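K.L.:
Here you go, sequence then predicted model.
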Amino acid sequence: MQLTMPGADPSITPPDKSIGRIVSVTGSKSIVLLDCPHESRGRMNERPDMGTLLAIDTAKTVVLAIVSALSVPVPAQRDGDAEIRIAELGLVGELWRDDSGHAGVFARGVTVYPSLGDRARVASKAELEAAFCGDPKRSVRIGCIRQDDTIPAMVRVDELLGKHLAILGTTGTGKSCTTALILRSILEKNPAAHILLLDPHNEYATAFSEWAEVITPRNMQLPFWLLNFEEIVEVLIGDAARKTEIEILQELIPIAKARYNAGRSRDNLRRTFPEPSRFTVDTPVPYRISDLTGLIDERMGKLENKKDLSPYRQLKARIDSISQDGRYAFMFGSLTVYDGMTQVLSRIFRVPVNNKPITIVELTGLPTEIINVVVSVLSRMTFDFAHWSEGKVPLTLVCEEAHRYVPAMPRLGFEPCKRAIAKIAKEGRKYGVALCIVSQRPAEIDPTILSQCNTVFALRMSNDRDQEIVTSAITDTGSGLLEFLPALGQREALAFGDGVALPVRIKFDELPADALPRSTTAHFTEHWQRSIGDEGFLEQVVEKWRSSDIGAGGDAVQQATMLAEGMSIEPSTVIPEPPRMPEPRRPDQQPAQRMRDDAGRAPPSQQGSTRSPSLRPSAYQGGPAGAPRRPGEQAGETSGEADVPGAALKSLRDRLIQRQR
Ligand SMILES: Nc1ncnc2c1ncn2[C@@H]1O[C@H](COP(=O)(O)OP(=O)(O)OP(=O)(O)O)[C@@H](O)[C@H]1O
Ligand SMILES: [Mg+2]
């Protein structure tokens, strides 16, 4: 019996489209003895193919099974002689029929098994639709299914994100495009999403244009006091063996926090602070670097044995050098220490969304050890934010090149970073945090984290070890689809897990040119036809190269914006529009990226890179961004006069200092 299409006349018996009969059923597998070629003549388009979805009718259900192998156990000597042909099937789902035999509800797994002798046929279009299309309100389209390109491949957003996902495949197979495609499809239907994407190759900004808040090393603001103890130890000490220095920090940081807070206790605006005595080394409240170094000096002054001074001296020297290192300007470079935690959270996690539901954190340009700390802080804050907001703001953390941050080898990677991502993988579901792992080296990812990713999109993969790992990470392997891994084409993937209705081979939709990540393979033959002329090309390269080392803390507009917001002042009322100079446009940059917000300012992502000569950090003597400080001037707090455009930042700073007094 074939599933009746709605509206079809039940009195007309549909033609027999069966192709064979069941001769074996074991667990979730079955074998079909295919009809002889002469019996199926005229039904050549009903021939089963690898990966085809077959339907087997039972009394109340239609069992859906995927062809995982085709063989002729004993081939005939001559063409045309009779021979036995079999198809091996993985039983993957079933459709329940209502009393009239209409397409019913689809369910994964099989409760009513086919019997020996039952006939199998290629699933009809109506059956494919019933199985794959699901609830259109909660699903988004990402492509079509390979078996029938008129049937859309849909992903179920809640299941996809609720239980984490992984996008895996050899380099160049389309992981970044797939990530962009899936996220764009989700964003189209969910404009108030909260997605944080860690982008180690600066490739995604072009794929999301006006939807994205792009945080670059230039406009990043991640104050050092937001770091927990492990992270600040990694930044300031960097060697777990230097126990004495770690102990000194552990003792002094809470005191520095209490000192800062004591100075502000008269300020009734500081309502979000707990009691100073309750500060731990991990409490995310501001403190001053000068208080910390001052406390180190005090301790040194009290020491009688001069031999004990060495760890204090080393720690102080390290704090001084790191806090003045331009590469760390996004942590230590703020002119004034102020409690901007809500502004940092607002910007990173898009609360309110402000029409930019995705934050892209571009990491190229940061040294590896700093990237580790930044990824660690962001991952930990993602979980902590979800935890303390009691899951009211579901978040998704997309981790590109995940093998770098959660490597399988115990000694590799940065332990706090691994722990932060592992925590999301293990407990994130309860707090509404989804993890999306993207990697070209599945075998190098911590297997416990990979196995938490319920939905897997496996693109072409040729390495045996990677294939093994993917196989072991996937729960519904019964379909036999994994055999296709090395043979998948461009824009094709196998999808497994709760995010898709059934294990399925997908052909992804093609992303339009203006939505592609900036990751295209170089066109050697095109570029090697003509020499690049002397049009300032090398000068531009050198300028970008040199300025990439200059951190963001000196971005006056960005600082002023955050400072104003931290003081509950509308930034556009106090910060003048900086003079603009045209910037060399990247060939792939979209005009939409240059749009301004309601207040007439360029998005913060561009503020950092839209530089006038006077705004350039190198010309900005007051900030630590690679610019020299006056002797005795300390990072991370109020410094002397600054050469910044307009008086906005200075006046804001003065107002803040007045408030603090
Ligand atoms: N859905 C798609 N739409 C359009 N083009 C695609 C799509 N998927 C893949 N491509 C093409 O494949 C190329 C490689 O894709 P992509 O950069 O996403 O690969 P990747 O697996 O992320 O590579 P890497 O491992 O180097 O990061 C792209 O330049 C693009 O031309
Ligand atoms: Mg990629």
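P.N.:
Right, received. Where do you want to start? Ligands and ions are numbered 1, 2, ... in the order given.

K.L.:
Might you report the residue contacts of the spatially most central residue of the chain?
P.N.:
Geometric centre of the chain, nearest residue: residue 398, 0.9 Å, by Cα atoms, centre = their mean. Residues in contact with residue 398, defined by Cβ atoms under 8 Å, 6 or more residues apart in numbering, are 179, 183, 195-198, 436, 438. All C-beta spots, glycine's among them, are computed from the backbone N, C-alpha and C.

K.L.:
In helices, which of these fall?
P.N.:
179, 183 (DSSP state H).

K.L.:
Mind putting the contacts of residue 398 into CSV with pLDDT?
P.N.:
What follows is these, written out as CSV (pLDDT from 0 to 100):
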residue, pLDDT
179, 96
183, 96
195, 95
196, 96
197, 96
198, 94
436, 96
438, 95
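
K.L.:
so which of the contacts of residue 398 comes closest to residue 502?
P.N.:
residue 436 (21.1 Å; Cβ to Cβ).

K.L.:
is it true that the closest one touches residue 179?
P.N.:
Yes: Residue 436 lies in contact with residue 179 (Cβ atoms under 8 Å); the separation is 7.1 Å.

K.L.:
Residue numbers of this protein in contact with ligand 2?
P.N.:
175-176 (Cβ under 5 Å from the ion).

K.L.:
hey, which helix or strand in the chain has the poorest pLDDT?
P.N.:
Sorting the helices and strands of the chain by mean pLDDT, DSSP states H and E puts helix 604-607 at the bottom, at a mean of 38.

K.L.:
Where does the residue nearest to the centre of the chain sit, in terms of helix or strand?
P.N.:
Using DSSP states H and E, residue 398 sits in strand 395-399.

K.L.:
can you dump the C-alpha coordinates of the next helix or strand after that strand into CSV?
P.N.:
Later in the chain than strand 395-399, the nearest helix or strand by DSSP H and E is helix 402-405. Output of helix 402-405 as CSV, limited to C-alpha atoms (Å, rounded to 0.1, in the frame of the first residue of the first chain):
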residue,chain,number,x,y,z
ALA,A,402,37.7,24.4,17.0
HIS,A,403,40.6,22.0,17.1
ARG,A,404,42.8,24.9,18.2
TYR,A,405,40.8,25.7,21.3
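
K.L.:
picking up where we left off before, joint contacts of residue 436 and residue 179?
P.N.:
167, 398.

K.L.:
Show the contacting residues for the one residue in the stretch 251-400 of the chain that gets nearest to ligand 1.
P.N.:
Closest contact between the stretch 251-400 of the chain and ligand 1, by Cβ to the nearest ligand atom, is at residue 400 (7.7 Å). By Cβ under 8 Å, 6+ apart, the contact set of residue 400 is 176, 179, 197-201, 204, 438.

K.L.:
Show me what the residue nearest to the centre of the chain bridges to in the sheet.
P.N.:
residue 197, residue 436 (DSSP bridges).

K.L.:
Could you tell me how far the residue nearest to residue 474 when sequence neighbours are not counted is located from ligand 2?
P.N.:
Spatial nearest neighbour of residue 474, excluding adjacent residues (Cβ to Cβ, 6 or more residues apart in numbering): residue 496 at 4.7 Å. According to Cβ to the ion, to the nearest Å, residue 496 stands 21 Å off from ligand 2.
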